[in-house]
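**Student:** turn this into a structure:
(one chain, ligands or ions: 2)
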Amino acid sequence: MFKFCFSRTKKNFKQKQQRFYHQRIPEEEEEEGKKRTIQSSNSSCSIAIAKESQQEHLLSPEAITTANVLRKKSNDSLASESIYYLDPSEHFRPEHKSPEEYRIYTINQDDYIQKRVFDTYRLMHTNQTLEFARNRLHHWTRFDKLKMTIMDALENLNCLVDESDPDVDLPNIIHAFQTAERIREAHPDLDWFHLTGLIHDLGKLMAVYGEPQWAVVGDTFPLGCQVAKSVVYAEQTFMDNPDTTNSDYNTEYGIYQPNCGLKQVVMSWGHDEYMYQVLKNHPDCSLPEQAFYIIRFHSFYPWHTGGDYYHLCSKHDLHMLPWIREFNKFDLYSKTPEIPDIPKLVPYYQSLIDKYIPGLVSW
Ligand SMILES: O[C@H]1[C@H](O)[C@@H](O)[C@H](O)[C@@H](O)[C@H]1O
Ligand SMILES: [Fe+2]
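**Tutor:** Ligands and ions are numbered 1, 2, ... in the order given. Sure thing, here's the model as predicted:
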């Protein structure tokens, strides 16, 4: 049984209050909810990953798997432990944004979201080197961390707020269902596409299990070659990255051959590549090729939206680009304050999981 709650600092909650209708869950109900979730949760998933990091916006894995109280913990000292329930019945909030109001990246340190986004990219662009990405690929593609179904993995996204995203300040599971439902509305017959929308960001699970957000979330970019201008904060955030002064890596092609194809390119390490690898490794995954491709490159904005890096693309990449662009519309513009009625949607998406990615998945 899904329950979508999270606690907020008083300050943040005030901001949120302007955007959401919510309802405080009284203490007894909170306890009740806890019991219900424990009874119905699948507690069998084993966790073999170090649980060292208790980062902001993350709940410890124990808390998720044992109590399964789906709420977000803040490190802010003002944090109240109040639990708020986002009421899914209140659709159609007034303040929808126009397309131009999405993906705003400024260096305004007074805006807490912009500051959070900038800080995440600063860390990412300082620490993502070719060597780092190769190392993380090796680490995460051992698939020896845990075994968990797709639905349980999704549930874990309940406690992750993506710190790189200026357009979402909600747990990522909400974004998953928002994207999936938008695709379903526009392409009712493409059930694999609905499921792709639902799981495209599932690789962010790495952040719940210890990987810092700068190595999980955010737009991706190729390593081992020059950074293009369309990479967000390209001018302000790469000065401390050692690869930018390595003469093997800082030319237009760097280590790559012309039109070698994106599958040859080492991208900055993150949730796209990880989820692609997880699905590729799952023996019973029957999603079509487009789904794999969308999942692998949906965050490569400097290419699919910025128009850079075409010199590394193969014909196949160009052939797949329309799918990425089609997907991107729903991924990006579904980021609204409308909260989908997730429990109601679960049976439909469970049927798609059973069809395309059944069973326990190795993470
Ligand atoms: O695909 C998206 C996109 O790249 C966003 O810009 C980023 O903030 C998110 O982390 C990612 O999931
Ligand atoms: Fe993503």
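
**Student:** poorly predicted segments of this structure, please.
**Tutor:** Applying pLDDT under 70 to the chain flags the ranges 1-95.

**Student:** which residue does it have closest to ligand 2?
**Tutor:** Asp201 (4.2 Å; CB to the ion). In this view, the C-beta of every residue, glycine as well, is placed from N, C-alpha and C.

**Student:** surely that residue meets Asn172?
**Tutor:** Yes - when contacts are counted by CB atoms under 8 Å, Asp201 is listed as touching Asn172 (5.9 Å).

**Student:** Ser362 versus the spatially most central residue of the chain, what's the distance?
**Tutor:** When CA atoms, centre = their mean is applied to the chain, the residue found nearest the centroid is Asp201 (3.8 Å). Distance, Asp201 to Ser362, by CB to CB, to the nearest Å: 19 Å.

**Student:** now Glu131
**Tutor:** Counting by CB to CB, the gap from Glu131 to Ser362 is 25 Å.

**Student:** same question for Asn172.
**Tutor:** 21 Å.

**Student:** in terms of neighbours, single out the busier of the two.
**Tutor:** Taking Asn172 and Ser362 together and counting by other CB atoms under 10 Å, Asn172 has the greater number of neighbours (25 against 14).

**Student:** show me what contacts that one?
**Tutor:** Going by CB atoms under 8 Å, 6 or more residues apart in numbering, Asn172 touches 157-158, 160-162, 201, 204.

**Student:** go again with 10 Å.
**Tutor:** When contacts are counted by CB atoms under 10 Å, 6 or more residues apart in numbering, Asn172 touches 57, 154, 156-162, 165, 201-202, 204-205, 207-208, 217, 271.

**Student:** looking at these, which are in helices?
**Tutor:** Within these, residues falling in helices by DSSP state H are 154, 156, 205, 207-208, 271.

**Student:** dump those to JSON lines, plus neighbour count and distance to Asp308.
**Tutor:** Formatted as JSON lines, those follow (neighbours: other CB atoms under 10 Å; distance: CB to CB, whole Å):
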{"residue": "Leu154", "neighbour count": "24", "distance to Asp308": "32"}
{"residue": "Asn156", "neighbour count": "25", "distance to Asp308": "33"}
{"residue": "Leu205", "neighbour count": "25", "distance to Asp308": "29"}
{"residue": "Ala207", "neighbour count": "28", "distance to Asp308": "27"}
{"residue": "Val208", "neighbour count": "26", "distance to Asp308": "31"}
{"residue": "His271", "neighbour count": "26", "distance to Asp308": "21"}
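
**Student:** who in this structure is up against ligand 2?
**Tutor:** Contact residues (CB under 5 Å from the ion) of the chain with ligand 2: 201, 299.

**Student:** can you list the buried residues in stretch 223-236?
**Tutor:** 223-228, 230-234 (16 or more other CB atoms under 10 Å).

**Student:** for stretch 289-300, same thing?
**Tutor:** Under the neighbour-count criterion of 16+ other CB under 10 Å, stretch 289-300 has 290-300 buried.

**Student:** having no further points to raise, I will conclude here.
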